[in-house]
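>>> Just the structure for this:
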Amino acid sequence: MKIHRVVQMLGATTSTGKLADDMYDLGHKDYYSEAQGTYLPISHMDFQHMVRAFVKLTEQEEVLDRSKHMGRVKDQARFYDEVVEKNDRIYKKNLAELQDKYDELRKTYSVLLEDYNTDTGRGIWKEKYEEEVKNAEFWKNTCYNNQPKGCGYVFSEIPNDTDGQEFVDTMKKYLNRDSYKMRVRGQHIKPELRGTGATEYGQSRNESTHLRIYIDIK
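Numbering: from 1, shown residues only. Here you go, the predicted structure:
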């Protein structure tokens, strides 16, 4: 039975006596028949033929979907393969560089060891060692000799009065500030403040009867 007859029969069974309008336009829609090698109006197709064509088209779409999916999977696999290959190249490059450095160090070590094992080589290393010891001793003695003997202050027992303050001010006036700095600290707690705990953290100049002057190299 042709499709246009099926449409007419189904339309007659409805309450309106017809189907949707597009069902009556199937005569203007073509279907390619592989058996006949030409395009046929869908309305002239046999009902069974149309059902089989629909099933075939559905299977083709499923195959196409699977093909697209496999394509995406292959693209992802190709991407991961490229990442792995790139990382492998970087790893091999780094490994080769490390191997070259290792070989270079081994050559240097072999040369130094061979040189040291000779009488001349041992003599050179011994001279270098003794020279380093002398240098270390020299700088140690220099540092020790530059330390002041006794206390670190330069002036002490300066009365904490107008005369003492004038002396301190004169020192500050003529001090070479480019090379030295001067610190003034209190010395000897005032009698009236003894036993009050004023000296626990070091008394101030106002709490002292005398002053000390420290001269430090900048």
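
>>> what about residue 154, how many residues close to it?
14 (other Cβ atoms under 10 Å). Where C-beta positions appear, they are placed from N, C-alpha and C, glycine not excepted.

>>> Do you know the pLDDT at it?
Looking at residue 154, its pLDDT is 86.

>>> what about the nearest residue to it once chain neighbours are set aside, which SS state?
Spatial nearest neighbour of residue 154, excluding adjacent residues (Cβ to Cβ, 6 or more residues apart in numbering): residue 215 at 4.7 Å. Classification of residue 215 into helix, strand or coil gives strand, according to DSSP: H, G, I helix; E, B strand; the rest coil.

>>> ends of stretch 9-17, how far apart?
When the termini of stretch 9-17 are compared using Cα to Cα, to the nearest Å, they are 9 Å apart.

>>> how far is that stretch from where the chain is centred?
The chain centre lies 75 Å from the centre of stretch 9-17; the measure is Cα atoms, centre = their mean, to the nearest Å.

>>> Show me what the mean pLDDT comes to for that stretch.
Over the span of stretch 9-17, the pLDDT mean works out to 74.

>>> Tell me the buried residues in it?
Residues of stretch 9-17 classed as buried under the neighbour-count rule (16 or more other Cβ atoms under 10 Å) do not occur.

>>> What of stretch 38-46?
Within stretch 38-46, the residues that count as buried by 16+ other Cβ under 10 Å are 42-43, 45.

>>> Using PDB, list the CA coordinates for that stretch.
Coordinates of each C-alpha in stretch 38-46 appear next as PDB, following Å, rounded to 0.1, in the frame of the first residue of the first chain:
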ATOM      1  CA  THR A  38      16.400   7.500  -9.000                       C
ATOM      2  CA  TYR A  39      14.500   9.800  -6.700                       C
ATOM      3  CA  LEU A  40      10.900   8.900  -5.900                       C
ATOM      4  CA  PRO A  41       8.200  11.000  -4.100                       C
ATOM      5  CA  ILE A  42       7.700   9.700  -0.600                       C
ATOM      6  CA  SER A  43       4.000   9.600  -1.000                       C
ATOM      7  CA  HIS A  44       4.500   7.000  -3.800                       C
ATOM      8  CA  MET A  45       6.600   4.700  -1.600                       C
ATOM      9  CA  ASP A  46       5.200   1.400  -0.400                       C
END
